[in-house]
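Undergrad: this one's structure only:
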């Protein structure tokens, strides 16, 4: 399972990474068409997260995959996809639209002031640091991996297929 497994995981991660990045880029545009594409990307991620390990199991692994191998397949695919998406986000926030995070930060500060929540200078500084490109993108990387663990457990339950006792 070694080399074929790794090759398939890398391919799956690349496909999902493209969709993760497309989802992010569509979510930054404030247009109804892109909003619809955002939801379509989420659906595509869910479908492909199931279809890719099933395809590996059926086409490259003789129709058999254990729960652990299926879970690791999803987890590694999401890791690669999340890393690709992380790089795209950092580039977007740093090069393509550096004002995007400043606008987000301004909206958060306006909301805090409107709610009349008292914040000292240290808390404002912490919030400002959260809107740095690498920190902001890291948050989404961590959330993607948290989602991958939960989603991986669910998908692995449906994808696993043990060898029958009647097969040689």
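TA: Arrived safely. As the structure is a computational prediction, the values presented were derived from the model and not from experiment.

Undergrad: can you pull out the low-pLDDT segments for this structure?
TA: 1, 164-168 (pLDDT under 70).

Undergrad: all helices of it, in order?
TA: Taking DSSP state H as the test, the helices found in the chain are 2-28, 32-55, 67-91, 99-114, 121-130, 133-159.

Undergrad: in stretch 32-46, what counts as buried?
TA: The neighbour-count check on stretch 32-46 (16 or more other Cβ atoms under 10 Å) flags 37, 38, 41, 44, 45 as buried. Every residue, glycine included, has its C-beta placed from N, CA and C.

Undergrad: check stretch 123-137 too.
TA: 131, 133, 136, 137.

Undergrad: mind putting these into CSV with distance to residue 73?
TA: CSV is the format used below for the buried residues of stretch 123-137 (distance: Cβ to Cβ, whole Å):
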residue, distance to residue 73
131, 34
133, 30
136, 29
137, 25
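
Undergrad: nearest to residue 76 among those?
TA: residue 137 (19.8 Å; Cβ to Cβ).

Undergrad: what's the nearest residue to that closest one if we skip its chain neighbours?
TA: Leaving aside its sequence neighbours, residue 137 sits nearest to residue 89 (Cβ to Cβ, 6 or more residues apart in numbering; 3.9 Å).

Undergrad: which residues touch that neighbour?
TA: 24, 133, 136, 137, 140 (Cβ atoms under 8 Å, 6 or more residues apart in numbering).

Undergrad: from those residues, which two are the most distant?
TA: Farthest pair in these, by Cβ to Cβ: 24 and 133, 12.8 Å.

Undergrad: stretch 132-144: how far from the chain's middle?
TA: Centre-to-centre, stretch 132-144 and its host chain are 11 Å apart (Cα atoms, centre = their mean, to the nearest Å).

Undergrad: next: stretch 68-83.
TA: Distance, centroid of stretch 68-83 to centroid of chain: 10 Å (Cα atoms, centre = their mean).

Undergrad: same deal with stretch 139-148?
TA: Using Cα atoms, centre = their mean, the offset of stretch 139-148 from its chain centre is 6 Å.

Undergrad: same question, stretch 45-63
TA: With Cα atoms, centre = their mean, you get 18 Å for stretch 45-63.
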